[in-house]
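Q: here is my input, please return the structure:
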Amino acid sequence: KELHGERSWDGLLRPLDLDLRRTLIWYGEMAQATYDAFNYEKHSPHAGHSRFGSKRFFERVMLPGHAAAYRITRFLYATSSAPAAPAAAFVRSRHPRRRCKESNWIGYAAVATDAGIAALGRRDVVVAWRGTIQALEWINDLEFAMVHPKGILGDAAGADAMVHRGWFSIYTSTDQASTHNKVSARKQVTKIALHCLVK
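A: So this is what the prediction gives:
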């Protein structure tokens with residue numbers, strides 16, 4: 001628990017504790033996998049998706065330790081939009097059966113297996129989320145203005161909080177024409193959280 005901030009990492013940062021370093025690398029590898037698995041091939045009908053399925057995802061991204069410790073429960077998708085952007089800025093698959101339009105695979109949720117719980121000493125739920133890689137996402141990132149994260153923090157908590165408008169758009173937007181983003185990334189993550197609380 002100390003490695004996950006129970007005591008604000010007191011005594012673990014200077015010098016950096018070796019177990020904390022291993023923990024940071026462990027979770028960093030889960031985030032890096034979202035980049036390694038992303039399908040950039042525009043001629044593929046699966047462009048914008050994960051190159052690997054969820055069942056053997058960690059083996060395919062060469063993380064056998066994670067494969068034993070975690071099970072992916074859901075892939076996550078986000079959609080980008082930039083109405084004022086020139087047509088050339090919209091990077092889409094050239095394949096006629098492209099399904100996602102501006103929606104792209106953005107990460108996954110994984111829960112600890114029984115073996116993982118035994119090794120980690122707790123039930124662990126990880127939401128791994130990649131950074132910006134698609135042209136349309138970069139356009140959203142250029143929306144530097146800060147906005148209130150309406151509907152995320154609730155009325156009482158974080159009343160003065162502000163977030164980056166471009167990121168907020170990617171996190172909360174939907175695309176009814178997409179097979180993957182009829183609900184926003186935000187709602188996908190919320191559903192995962194509620195499912196974990198019930199269990």
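Q: how about the residue nearest to R60 when sequence neighbours are not counted, phi and psi?
A: Nearest residue to R60, sequence neighbours excluded (Cβ to Cβ, 6 or more residues apart in numbering): F52, at 4.0 Å. From N, CA and C alone the C-beta is placed, and that goes for glycine too. Main-chain dihedrals, F52, degrees, to the nearest 10: phi -120, psi 150.
Q: just the pLDDT at F52, thanks.
A: If you check F52, the pLDDT there is 96.
Q: is it true that it touches A37?
A: Yes - with contact defined as Cβ atoms under 8 Å, F52 reaches A37; the gap is 5.2 Å.
Q: which residues are in contact with both of the two?
A: 60-61 (Cβ atoms under 8 Å, 6 or more residues apart in numbering).
Q: what are the ranges of the helices in this structure?
A: All helices of the chain, identified by DSSP state H, fall at 18-36, 57-60, 64-69, 114-120, 135-141, 165-172, 185-198.
Q: with only the CA atoms kept, save the second one in CSV.
A: Translated: helix 57-60. Extracted in CSV, the C-alpha atoms of helix 57-60 (Å, rounded to 0.1, in the frame of the first residue of the first chain):
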residue,chain,number,x,y,z
PHE,A,57,-3.0,-9.0,-25.3
PHE,A,58,-0.2,-9.0,-22.7
GLU,A,59,1.5,-12.0,-24.3
ARG,A,60,1.4,-10.3,-27.7
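Q: tell me what it is packed against?
A: On a contact count with 3 or more Cβ pairs under 8 Å, 6 or more residues apart in numbering; DSSP states H and E, helix 57-60 meets helix 64-69, strand 70-79.
Q: indicate which one of the ones you listed is closest to R56.
A: helix 64-69 (7.6 Å; Cβ to Cβ).
Q: show me what that closest one is packed against.
A: By 3+ Cβ pairs under 8 Å, 6+ apart, helix 64-69 packs against helix 18-36, helix 57-60, helix 114-120.
Q: list the buried residues in the first one.
A: Same thing as helix 18-36. 20, 26, 29-30, 33-34 (16 or more other Cβ atoms under 10 Å).
Q: and the residue nearest in space to the middle of the chain, bridged to which residues?
A: The centre of the chain sits closest to W129, judged by Cα atoms, centre = their mean, with a distance of 2.1 Å. Beta-bridge pairing for W129 (DSSP bridges): G107.
Q: hmm, it is touching A31, no?
A: Yes - with contacts counted by Cβ under 8 Å, W129 reaches A31, the gap being 7.3 Å.
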